[in-house]
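Student: Quick one, fold the following:
(chains A and B)
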Amino acid sequence: MSFLKRTHTCGELSIANASAVVRLNGWVHRVRDQGGVVFIDLRDRYGLTQLVFSEHNPEAAKDATSLRPEDIIAVEGEVARRDEDKRNPKLATGEIEIIVRKVELLTKGKTPPFEVSEYTQAGEDVRMKYRFIDLRRAQMQQNLITRHKLVTIAHEYFNAHNFIEVETPFLTKSTPEGARDFLVPSRLQAGHFYALPQSPQIFKQLLMVSGMDRYFQVVKCFRDEDLRADRQPEFTQFDVEMSFIDEEDVYEVIEGFIARVFKEIKGVELSLPLMRLSYEEAMNKYGKDSPDLRYELFIEDVTELAGKSGFGVFSSAVSEGGVVKGIRVKGAEPWSRKEIDALEVIVKENGAKGLAWFKVRENEIYSPIAKFFSADELKSIVAHFEAEVGDMIFFGAGPWKSTVTSLGALRTAMAKKLELTRKDDYKLLWVTDFPAFEFHEEDGRYYSMHHPFTSPRPEDVSLLDSDPGKVLARAYDLVLNGSEIGGGSIRIHRREVQAKVFDLLGISREEAEERFSFLLGGLEYGAPPHGGIALGVDRIAMLLAGADSLRDVIAFPKTASATCLLSGAPSIVDQKQLDELHLKTK
RNA sequence: GGGGCCGUAGCUCAAUUGGUUAGAGUAUCGGACUGUCGAUCCGAGGGUUGCGGGUUCGAGCCCCGUCGGCCUCGCCA
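Tutor: Okay, here's the model as predicted:
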């Protein structure tokens, strides 16, 4: 069966096409029935075009009155220039309209559960259940198109830079370090399981052992952890690995890529090279290892000044080896007790015991703790923060990490409260010099901060035995507007260093052999110096699209409880399937 | 696993202290209208107040449980 197949899309006709006879296909977006004349906006991925049904063709006009939003139609008609006063500047095609001669109903659709419109207010649950309707909306289509452009640029860029795309397995081996694995039961090997990859880490390193030299892949990764607005259980990475390189080569390649992405998608010229901050600097100044540099709020250190004061909370924090730090906020003096209490809740949720503050007024420092300080002490603290009348200073005191972290959370909250972030501003940076290992009190052992294949800095190798907490890693994160959008490292390429790291992590020879033998074997046969990075495709797409949730740049996302409202996954399965897999459910 | 917010018409929300027949906007359906563009105007239909139990003369509202959505802490090498 044939139909009036389109000659153009709904986004491309203009005055240049005036008086041409064209055919369009698409969805009825809106119907404006004026009685004698009916206007229909016809929609497809490319845009909207106004159709006119009038006495020029009474038969078509009669058909038009029965058309409803979301019907799928084909029309044939003449492109007509609109009179000056009848143009619609909001539409790319607003200078023309189609005088319809023939109309054909291709599919009559059910009335959708919510309007396909930029104005739709449907909740996310309804949108996800009827995702195929939600994805008809221009905003969602734009988001997916932005994502497509990003992926296309990646294929082009890495190809142009001599990278080879290699696919790695999804059915692979569970490596219990790190995130929880998604497991896949084996039918042929009773009681055995595959794991879906948390990342293709080991495989890409083995490709370096194989001499592939430069590897690239757009790849799905899976982590069975709780979700967030910026975390889905399955997500996509640009996975990159290179041989015979050091950190600088990774920075250069990735900066070139990101600059091209911003130029082609946002029209933004990034200035290269990107800024770099060490982990320690980032934590001290911003209280976060992925700081948002779009606003001027900084954490200042007043350990020395405040430690000498008569305020017990400060002096004991310092005598116990901790720190006292603070943030000055311009113009915050009028904030109410209620507003300040809300901020205190935030720092407490992030590990602080409380929130001390000064209000800088004309002739006094107004503060519940002012009485513990001498006039000189108050003056020098205020001077240290360069605080002026009308400002507030917020303080945190205690162990270094929890103090800077809680003030970092405060900094983020205040930027939101004061609306300091500009949406169209993009601040990228590298965060470097991460500690290689973190000590976990509860297990009494060290864990890798990045992963166990991350190379320590050469000058720190000797510290592996004496003071592992001081060892810095050759690891780096790429940060955009307060989000980590990528992370990687230079890897260990010598078996003896790898063995030493496993020792430190409390992984025995046998265990290491059992879990990672395929990598160790590779190292044994000789790996070139190598390293790489993985970039979070979903997060980058989200930031480029200006979306607040990963769900808005994923066609078929999962809910916060990791279900798919559209398909109903996960679901129970037949007993027969379980039997074949040698499984019994509890 | 913990904390918070939410669940009422297809959709988005309202409903005073627990009190009459649960309302509005929008969508849908019918009608009017020859230049609209989120058209407008007139009219109509539309409800298991997520589900189960309890308290009460009486529950959308209070209590217990449960399911679901969102945010978040833990978690995410």
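Student: helix/strand/coil for A:Ser402?
Tutor: helix (DSSP: H, G, I helix; E, B strand; the rest coil).
Student: which residues does it contact?
Tutor: By Cβ atoms under 8 Å, 6 or more residues apart in numbering, A:Ser402 lies in contact with A:350-352. To be clear about C-beta, it is placed using only N, CA and C from the backbone, and glycine gets the same treatment.
Student: can you list the domain ranges for chain A.
Tutor: Using automatic domain parsing, the domain ranges for chain A come out as A:15-107, A:140-278+A:428-554, A:295-417.
Student: average pLDDT across the shortest one?
Tutor: Going back to what we said before, that points to domain A:15-107. Domain A:15-107 comes out with an average pLDDT of 95.
Student: Do me a favour and get the end-to-end distance for that domain?
Tutor: Using Cα to Cα, to the nearest Å, one end of domain A:15-107 lies 30 Å from the other.
Student: who touches the residue in the stretch 301-450 of chain A that RNA strand B sits nearest to in this structure?
Tutor: Here the stretch 301-450 of chain A gets closest to RNA strand B at one residue, A:Ser448, 4.0 Å apart by Cβ to the nearest atom of the strand. A:Ser448 makes contact with A:177, A:436-437, A:454, A:501, A:505 under the criterion Cβ under 8 Å, 6+ apart.
Student: Which strand residues bridge it?
Tutor: A:Phe437 (DSSP bridges).
Student: ok, it to A:Phe235 distance?
Tutor: 21 Å (Cβ to Cβ, to the nearest Å).
Student: now A:Val318
Tutor: As judged by Cβ to Cβ, A:Val318 and A:Phe235 stand 43 Å apart.
Student: before we move on, what about A:Asp538?
Tutor: 5 Å.
Student: quick one: common contacting residues for the two?
Tutor: Contacts common to A:Asp538 and A:Phe235, judged by Cβ under 8 Å, 6+ apart, are A:Leu550.
Student: Compare neighbour counts for those two and give me the winner.
Tutor: Using other Cβ atoms under 10 Å, the more surrounded residue of A:Asp538 and A:Phe235 is A:Asp538, with 23 against 19.
Student: how close does that one sit to A:Phe216?
Tutor: 18 Å.
Student: same deal with A:Ser380?
Tutor: 55 Å.
Student: now A:Pro291
Tutor: 28 Å.
Student: Could you do A:Ile572 as well?
Tutor: On the measure of Cβ to Cβ, A:Ile572 and A:Phe216 end up 39 Å apart.
Student: the more surrounded of the two?
Tutor: A:Phe216 (24 against 8).
Student: Buried residues of the helix or strand hosting the more buried one, list them for me.
Tutor: Under the criterion of DSSP states H and E, A:Phe216 resides in strand A:214-222. By neighbour count on 16 or more other Cβ atoms under 10 Å, the buried set for strand A:214-222 is A:214-219, A:221-222.
Student: Equivalent analysis for stretch A:462-471, please.
Tutor: Of the residues in stretch A:462-471, those buried (16+ other Cβ under 10 Å) are A:463-464, A:468, A:471.
Student: returning to what we had before: can I have the strand holding A:Phe216 written out in PDB, keeping just the CAs?
Tutor: Provided in PDB are the C-alpha atoms of strand A:214-222 (Å, rounded to 0.1, in the frame of the first residue of the first chain):
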ATOM      1  CA  ARG A 214      45.600   3.200  21.200                       C
ATOM      2  CA  TYR A 215      42.200   1.800  22.200                       C
ATOM      3  CA  PHE A 216      38.800   3.500  22.200                       C
ATOM      4  CA  GLN A 217      35.300   2.200  22.900                       C
ATOM      5  CA  VAL A 218      31.800   3.600  23.600                       C
ATOM      6  CA  VAL A 219      30.800   1.100  26.100                       C
ATOM      7  CA  LYS A 220      28.000   0.200  28.500                       C
ATOM      8  CA  CYS A 221      29.100  -0.400  32.100                       C
ATOM      9  CA  PHE A 222      27.100  -1.900  35.000                       C
END
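Student: Briefly note if it comes near RNA strand B.
Tutor: No - if you take Cβ under 7 Å from any atom of the strand as the test, strand A:214-222 misses RNA strand B, and the best it gets is 8.5 Å.
Student: Who are the packing partners of that strand?
Tutor: Packing partners of strand A:214-222 (3 or more Cβ pairs under 8 Å, 6 or more residues apart in numbering; DSSP states H and E): helix A:138-160, strand A:164-165, helix A:201-209, strand A:234-243.
Student: Can you tell me the closest non-neighbouring residue to A:Leu480?
Tutor: Spatially, and ignoring its direct neighbours in sequence, A:Leu480 is nearest to A:Leu428 (5.2 Å; Cβ to Cβ, 6 or more residues apart in numbering).
Student: oh, I was asking about A:Lys102
Tutor: Leaving aside its sequence neighbours, A:Lys102 sits nearest to A:Glu76 (Cβ to Cβ, 6+ apart; 4.3 Å).
Student: what's the spacing between the one you found and A:Asp503?
Tutor: Distance, A:Glu76 to A:Asp503, by Cβ to Cβ: 76 Å.
Student: now swap in A:Gly536 and tell me
Tutor: Taking Cβ to Cβ, one finds A:Gly536 at 32 Å from A:Asp503.
Student: repeat for A:Ser174
Tutor: 22 Å.
Student: And for A:Asp230?
Tutor: A:Asp230 is 35 Å from A:Asp503, by Cβ to Cβ.
Student: quick check, A:Asn363 in a helix?
Tutor: No - counting by three-state DSSP, A:Asn363 falls outside a helix, being coil.
Student: Just give me the neighbour total for it.
Tutor: Neighbours of A:Asn363 (other Cβ under 10 Å): 5.
Student: Then A:Tyr476?
Tutor: 25.
Student: what's it in contact with, if anything?
Tutor: Contacts of A:Tyr476 (Cβ under 8 Å, 6+ apart): A:247, A:250-251, A:430-432, A:434, A:487-489, A:533.
Student: near RNA strand B at all, the helix or strand harbouring it?
Tutor: Using DSSP H and E, A:Tyr476 sits in strand A:475-480. No - using Cβ under 7 Å from any atom of the strand, we find that strand A:475-480 stays clear of RNA strand B, coming within 9.2 Å at best.
Student: Sheet-wise, list the partners of that strand with their directions.
Tutor: strand A:428-432 (antiparallel), strand A:483-490 (antiparallel).
Student: how big is the angle separating the strand holding A:Phe216 from helix A:138-160?
Tutor: Using axes from the mean of the first three to the mean of the last three Cα atoms, to 10 degrees, the inter-axis angle of strand A:214-222 relative to helix A:138-160 is 150 degrees.
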